[in-house]
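Asks: Sequence plus the predicted model coming up.
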Amino acid sequence: RKEVEQDPGPFNVPEGATVAFNCTYSNSASQSFFWYRQDCRKEPKLLMSVYSSGNEDGRFTAQLNRASQYISLLIRDSKLSDSATYLCVVNTLLYSGGGADGLTFGKGTHLIIQP
Amino acid sequence: EPEVTQTPSHQVTQMGQEVILRCVPISNHLYFYWYRQILGQKVEFLVSFYNNEISEKSEIFDDQFSVERPDGSNFTLKIRSTKLEDSAMYFCASSREGRAGGYTFGSGTRLTVV
């Protein structure tokens, strides 16, 4: 069974702190990796793609370790508006071709930023 | 910013009835998807659609489900005979690049089967 595992939290951190989330995935053939955020009862929204070399977007840094099948997200200088559920997502790759793969979502890590 | 539009936002239906959930993907996107999220659970893949046909479907997408792109803009999910366990938020998504790119999700249709 192809799964994505995340610590559900909640993570309660003070505003301005740095927080890190981790995620592991079981499908070694996965090719695409993402972090999404989901606010309560809303749709998932793409936060950032994750590349093998690691990538940064403002206060957010994502890392991928293919050998360990491990993905991380670091949020620096956290803000109240960062409070949300963070979803680790990999492409499902049910078949070897096509490109229209579904995504496999983790259950998410709930982050609460406290003033 | 372009949006994926879903209607209705909330649908209540009786068990055994057919429902059609509607989506308008972003106009220059080529890949279309349906996902569902049962309350308190993770987002689950149902089906992907490319080049006017189903590309992949999960084990959830059984014979009671079907998808259609009846014209150049709409993308629909039909549930033929709803069950109580079909109650969930159904998200439509589209992507320009398929697996290589991120997806844009619509705001969802909350389906309640009573």
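Replies: That came through fine.
Asks: and chain B, which residues reach chain A?
Replies: B:31, B:33, B:35, B:41-50, B:55-56, B:58, B:89, B:91, B:98-108 (CB under 8 Å from any CB of the partner chain). Backbone N, C-alpha and C define where each C-beta goes, glycine included.
Asks: Return the per-residue confidence for residue B:2.
Replies: In this model, residue B:2 is scored at 81, pLDDT.
Asks: how deep is the closest residue to it other than its chain neighbours tucked in, by neighbour count?
Replies: Of all residues not flanking residue B:2 in the chain, residue B:26 sits nearest, at 4.4 Å (CB to CB, 6 or more residues apart in numbering or on different chains). Residue B:26 sits with 18 neighbouring residues when counted by other CB atoms under 10 Å in any protein chain shown.
Asks: Chain A versus residue B:26, what's the distance?
Replies: From residue B:26 across to chain A, the span is 13 Å (CB to the nearest CB, to the nearest Å).
Asks: distance of that residue from residue A:39?
Replies: 21 Å (CB to CB, to the nearest Å).
Asks: Buried only: go through the residues of chain B next to chain A for me.
Replies: Taking 16 or more other CB atoms under 10 Å in any protein chain shown as the criterion, what is buried in those is B:31, B:33, B:35, B:42-50, B:55-56, B:58, B:89, B:91, B:98-99, B:101-108.
Asks: so where do the strands sit in chain A?
Replies: Secondary structure of chain A (DSSP state E): strands at A:4-6, A:11-14, A:19-25, A:33-38, A:44-49, A:55-57, A:60-65, A:70-75, A:84-91, A:103-105, A:109-114.
Asks: Over to chain B?
Replies: Using DSSP E, strands in chain B cover B:5-7, B:10-13, B:19-24, B:31-37, B:43-50, B:53-57, B:65-68, B:75-79, B:88-95, B:104-105, B:109-113.
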